[in-house]
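Asks: Structure, please.
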Amino acid sequence: MTSRRYRLTRKGARAATLVAVVCMALVAIEAAARAQQAESAGGRPDPDAKIAEGVTIAGVGVGGLTVREAERAVSRYASRPVTVTFRKESWRFAPQTLGAKPQLDTAVQAALGAPTGASLPLRVEVDQAKLRRWKRQFAARFDQKRRNAVLVLRKQRPVLKESRTGRELSRWTAGVVLTKALEAHERGPVELPARIVKPTVTAADIGPAIVIKRTSNRLILYRPGGPKGMRVVRKFGVATGQASFPTPLGSFEIVRMQRNPWWLPPDSDWAEGAEPIPPGPGNPLGTRWMGLSTPAVGIHGTPDAASIGYSASHGCIRMLVPEAEWLFERVVEGTPVYILDA
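Replies: Next up, the predicted model:
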């Protein structure tokens, strides 16, 4: 009994194997026949030939569709725009713009010869030369140079021009990231890699600024703040240079600060024969000296209070002694000084 059962089992196995082989052969013959039947005289599939049921290309169902319909369906899928981002910014591009070349014909021809329920890939080649051109063009509008915060004079007052962080597209890495996304049919968002360049001077580094109006004999102290970045702190009456010794116009900065300075006679005809004067009540510089980045000119106190409001000095900017002391405590070396003819 045991031997007989064994023989029957062997016969059943042979029969099952034969059936499977026959089925596979029939499927292959059917697929080959369908593909052969679909070929036109020009070597391309008949656009009206139908694909077997349940066939997909890159997940797109093309079963039961004609070649023409399948090409349109897969083309729509392959043409979906790619979204690239950087932080809160985003852009959309057609994959062809990035160099993507989906092998539609190959995929559809394979689907036409595929058995029922087959799942086929859609291969994408990436034209690296085209992708490089895109990176170059995109970087031209993406890249930003860093900008340090700086004071500029507009309409006779200092205005703070804010700093800006720079950025530069990492082109090689961007090419690798985008190539992988295109080959995998990913549409993003794809985060772009970029090198960040921080400014060396920000608004927090900007201090006070002084505007001196030579004609009206006014000195105005500004500090950061307000809608334009700089606000008026205080205004002073001053004395500026006589017509024969005018206070120079232009942009300068404070380069030397002294408490209780000595007055040293300058190399000028009007000071010929004069002797140095030590600190004290009669010192022409008062108790504070703020020298500017132009020879022999500075902001200082004066014992001659009656000269304030007039063009009376030899080029320097005179202030009342208490006001010069007040200003001295609120500026530093490097503070910009704008002298205007206003």
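Asks: ok, and R318, which helix or strand is that part of?
Replies: Using DSSP states H and E, R318 sits within strand 317-320.
Asks: Hmm, I typed the wrong one, I wanted A107.
Replies: helix 104-112.
Asks: Now do the following helix or strand past that helix: everything it contacts.
Replies: Downstream of helix 104-112, the first helix or strand assigned by DSSP H and E is strand 119-120. Under the contact criterion Cβ atoms under 8 Å, 6 or more residues apart in numbering, strand 119-120 has outside partners 55-58, 107, 110-111, 114. For glycine as for every other residue, the C-beta is placed from the backbone atoms N, C-alpha and C.
Asks: Would you give the sheet partners of strand 119-120, along with the direction of each?
Replies: Under the criterion DSSP bridges, strand 119-120 sits next to strand 56-57 (parallel) in its sheet.
Asks: Run the chain-centre distance for the helix or strand just after the strand it pairs with.
Replies: Past strand 56-57, further along toward the C-terminus, the next helix or strand under DSSP H and E is strand 60-61. Relative to the centre of its chain, strand 60-61 is centred 40 Å away, using Cα atoms, centre = their mean, to the nearest Å.
Asks: residue boundaries of the strands in the stretch 51-200 of the chain?
Replies: Here the stretch 51-200 of the chain has its strands, by DSSP state E, counting those that start in this stretch, at 56-57, 60-61, 82-86, 89-93, 100-102, 119-120, 124-126, 150-154, 157-161, 166-169, 190-191, 194-197.
Asks: Nearest to A209, out of the ones you listed?
Replies: Among these, the nearest to A209 by Cβ to Cβ is strand 157-161 (4.3 Å).
Asks: same for the closest one, what does it pack against?
Replies: For strand 157-161, the packing partners by 3 or more Cβ pairs under 8 Å, 6 or more residues apart in numbering; DSSP states H and E come out as strand 150-154, strand 209-213, strand 218-224, strand 230-237.
Asks: Now with 10 Å, please.
Replies: Contacts defined by 3 or more Cβ pairs under 10 Å, 6 or more residues apart in numbering; DSSP states H and E place strand 157-161 against strand 150-154, strand 209-213, strand 218-224, strand 230-237, strand 336-340.
Asks: Can you add mean neighbour count and give those back as CSV?
Replies: Output for those, formatted as CSV (neighbours: other Cβ atoms under 10 Å):
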stretch, mean neighbour count
strand 150-154, 14
strand 209-213, 22
strand 218-224, 19
strand 230-237, 15
strand 336-340, 21
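Asks: Tell me which of these sits nearest to R87.
Replies: R87 lies closest to strand 150-154 among the helices and strands packed on strand 157-161, at 24.9 Å (Cβ to Cβ).
Asks: For burial, what's the neighbour tally of W270?
Replies: The number of residues packed near W270 is 11, by other Cβ atoms under 10 Å.
Asks: chain center to stretch 85-95, what's the gap?
Replies: Per Cα atoms, centre = their mean, the centroid offset for stretch 85-95 relative to its chain is 13 Å.
Asks: meant to ask about stretch 123-142
Replies: 19 Å.
Asks: still on that earlier bit, columns distance to V84 and mean pLDDT on top of the helices and strands packed on strand 157-161, output as CSV?
Replies: Converted to CSV, those look like this (distance: least, Cβ to Cβ, whole Å; pLDDT from 0 to 100):
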stretch, distance to V84, mean pLDDT
strand 150-154, 33, 94
strand 209-213, 42, 98
strand 218-224, 37, 97
strand 230-237, 39, 97
strand 336-340, 42, 98
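Asks: Flag the shaky bits of the stretch 201-342 of the chain, pLDDT-wise.
Replies: Across the stretch 201-342 of the chain, not a single residue meets the criterion (pLDDT under 70).
Asks: in it, which spans are helices?
Replies: According to DSSP state H, counting those that start in this stretch, the stretch 201-342 of the chain carries its helices in the segments 321-328.
Asks: Quick check, P279 in contact with W262.
Replies: Yes - contact status for P279 versus W262: in contact at 6.6 Å, counting by Cβ atoms under 10 Å.
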